[in-house]
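[1] Here is the input, now give the coordinates:
(chains A and B)
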Amino acid sequence: MADAAMAPAMDRRGLESLLSATARGDGAAFERLYHATSAKLFGICLRLLRERSDAEDALQEVYAVIWRKAGQYDAALASPISWLAMIAHNKAVDRLRADTGSRNALPIDFAEDVSDGAITAHAAVEQASEAKRLDGCLGELDTRRRTLIRTAFFEGVTYEELALRSGTPLGTVKSWIRRGLQQLRSCLER
Amino acid sequence: MSTGTDHHDPLQEPPGDDVLAGEYVLGVLDADTHRAFAARLPREPVLAREVAAWERQLAPMLEEIEPVAPPLGLWQRVRAQVGLGPPPTSHRGVPLWERLGFWRGFSAAGLAATAACLVALLVLRQPYPQYPHAPHPITMLTTIAQADGSPAFVAAVDADACTMLVMPMDANVPKGKVPELWVIAGDGVPRSLGVREMAHADAIVVPTRLRNALLAAATLAVSIEPVGGSPTGAPTGDVIAKGALAKLTL
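    As a prediction, this is how the structure comes out:
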């Protein structure tokens, strides 16, 4: 295909081949990978960082990491979009940790369960079923554990911030999240 | 405290590496612990596998985050950062609306008709059907015209004013001087969008503080300045061209 702007909708195999070409230093493949995935990854950066200019800087770093680490992608371990999405999540959390200023002090309310389990209609069938499974396992958790895990993951906040915002002792927050993570893992591995 | 038959005590400080890896992926560790953990990863493959396992298990949650198109100019920043050099000069991979010939087709008189074509093209050429937000739609256009009506520049702005595409036409810029672009919003104060190139089209990432100004009914103006741009932060030379941004109704 001659025109990067005309890249078709990318399925898993398409993204995998772009990743392996990127690993070989193929700039055109990297550009197509960028155009096929940057909106998803920008959405993730924006959700965690909230400030648009921060999210733009983070996205630039994310693709620099992808360019460097494309060769480390292992199809046996994750789907390409999950792998890319977690790089974006990871970079956004790195930026939040580097910036000590507190960003969101909204109280966390356990009575109001924020789990909406929304799965976008655009997800590939395979990914949708993984999301459904995770959602099912999250649903088995106690509301407080689930709320804390979701808030932590989507807002990139620390134990200390979670304790402060939920008005719960730090030790209790740690215990809930650690037990929640273990419970989630055993559910997913069943 | 006893946890009976639990394999791991979740209250144990510090927790086992499997739990710590989950906390790292979740993003709840404080700055020091987060950094210290990240530093272990390159030399501890077992730990790296734990992280990969948690990433695989938690990643599906990210499915529910809606895609948002990044500003158009960001790809060029990525490209420069990874050392891929300047953009190719051929048309391969360059979207139609960033190509010189396409913009040369504009004229003040034909602007409305051409704008309609541009919108149609953006809709038709939408390259990634799985993400309805891409590409960033252009929603404002103007010809920055000189006193005789001839266009000095054509500018297009995207929906949230993050990116402006600026195409030089035939501005009369005296030798040894440079054109500087300004946005003038409701308060009448010109704010600089920088010195512009006459040689090629640019995608400008609009500074955050100027985005609101662009979204309000704004005028763009070009002044003639010494090399390096206005030394005062306000136009110092002749204003050679002006144009009011027009919203495209989609």
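[2] after the helix or strand bottoming out on mean pLDDT in chain A, next one along is what?
    In chain A, no helix or strand scores lower on mean pLDDT, DSSP states H and E than helix A:125-140, which sits at a mean of 79. On the C-terminal side of helix A:125-140, the nearest following helix or strand under DSSP states H and E is helix A:143-155.
[3] List the buried residues of that next one.
    For helix A:143-155, burial by neighbour count (16 or more other Cβ atoms under 10 Å in any protein chain shown) applies to A:Arg144, A:Arg145, A:Arg146, A:Thr147, A:Leu148, A:Ile149, A:Arg150, A:Thr151, A:Ala152, A:Phe153, A:Phe154, A:Glu155. C-beta here means a position set from N, CA and C on the backbone, and glycine is covered the same way.
[4] tell me which strands and helices it is in contact with?
    Counting by 3 or more Cβ pairs under 8 Å, 6 or more residues apart in numbering or on different chains; DSSP states H and E, the packing neighbours recorded for helix A:143-155 are helix A:27-49, helix A:125-140, helix A:159-166, helix A:170-188, helix B:17-26.
[5] So which elements touch the fourth one?
    If contacts are counted by 3+ Cβ pairs under 8 Å, 6+ apart, helix A:170-188 sits against helix A:125-140, helix A:143-155, helix A:159-166, helix B:17-26, helix B:45-58.
[6] now do 7 Å
    Under the contact criterion of 3 or more Cβ pairs under 7 Å, 6 or more residues apart in numbering or on different chains; DSSP states H and E, helix A:170-188 touches helix A:125-140, helix A:143-155, helix A:159-166, helix B:17-26.
[7] Is B:Val166 bridged to anything, and to what?
    Under DSSP bridges, the beta-bridge partners of B:Val166 are B:Ala155, B:Asp202.
[8] remind me which residues of chain B are low pLDDT?
    Along chain B, the parts satisfying pLDDT under 70 run over B:1-12, B:86-137, B:249-250.
[9] how about the helices of it, start to end?
    Using DSSP state H, the helices found in chain B span residues B:17-26, B:31-40, B:45-58, B:74-81, B:100-104, B:111-124, B:208-215.
[10] Nearest to the middle of chain B, which residue? Look it up for me.
    Ranked by distance to the mean C-alpha position of chain B (Cα atoms, centre = their mean), the top residue is B:Pro71 at 2.6 Å.
[11] Who are the contact partners of A:Leu46?
    By Cβ atoms under 7 Å, 6 or more residues apart in numbering or on different chains, the residues touching A:Leu46 are A:Arg52, A:Ala55, B:Val68.
[12] if I look at it, how far off is B:His200?
    According to Cβ to Cβ, to the nearest Å, A:Leu46 and B:His200 sit 30 Å apart.
[13] Over to stretch B:227-243 now: how far is its first residue from its last?
    End-to-end distance for stretch B:227-243, by Cα to Cα, to the nearest Å: 23 Å.
[14] tell me which residues in it are buried?
    Buried residues in stretch B:227-243, counting neighbours by 16+ other Cβ under 10 Å, are found at B:Gly229, B:Ser230, B:Pro235, B:Ile240, B:Ala241, B:Lys242, B:Gly243.
[15] low pLDDT regions in chain A?
    The model of chain A has pLDDT under 70 over residues A:1-10, A:100-105, A:111-128.
[16] again, 90 this time
    Residues of chain A meeting the criterion pLDDT under 90: A:1-12, A:50-53, A:74-79, A:97-135, A:188-190.
[17] what's the burial count for B:Lys13?
    Slight slip there: residue B:13 is Glu, not Lys. Counted with other Cβ atoms under 10 Å in any protein chain shown, the burial measure for B:Glu13 works out to 7 neighbours.
[18] Including distance to B:Met61, could the buried residues of stretch B:227-243 go into CSV?
    Output for the buried residues of stretch B:227-243, formatted as CSV (distance: Cβ to Cβ, whole Å):
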residue, distance to B:Met61
B:Gly229, 46
B:Ser230, 49
B:Pro235, 50
B:Ile240, 54
B:Ala241, 51
B:Lys242, 50
B:Gly243, 46
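[19] Distance to chain A added to those, as JSON lines?
    Formatted as JSON lines, the entries for the buried residues of stretch B:227-243 read as follows, by distance: Cβ to the nearest Cβ, whole Å:
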{"residue": "B:Gly229", "distance to chain A": "22"}
{"residue": "B:Ser230", "distance to chain A": "24"}
{"residue": "B:Pro235", "distance to chain A": "26"}
{"residue": "B:Ile240", "distance to chain A": "31"}
{"residue": "B:Ala241", "distance to chain A": "29"}
{"residue": "B:Lys242", "distance to chain A": "28"}
{"residue": "B:Gly243", "distance to chain A": "26"}
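[20] measure the closest residue to B:Leu41 other than its chain neighbours to A:Leu77 for me?
    The shortest distance from B:Leu41 to any residue other than its chain neighbours is 5.1 Å, reached at B:Ala48 (Cβ to Cβ, 6 or more residues apart in numbering or on different chains). With distances taken as Cβ to Cβ, B:Ala48 is found 11 Å from A:Leu77.
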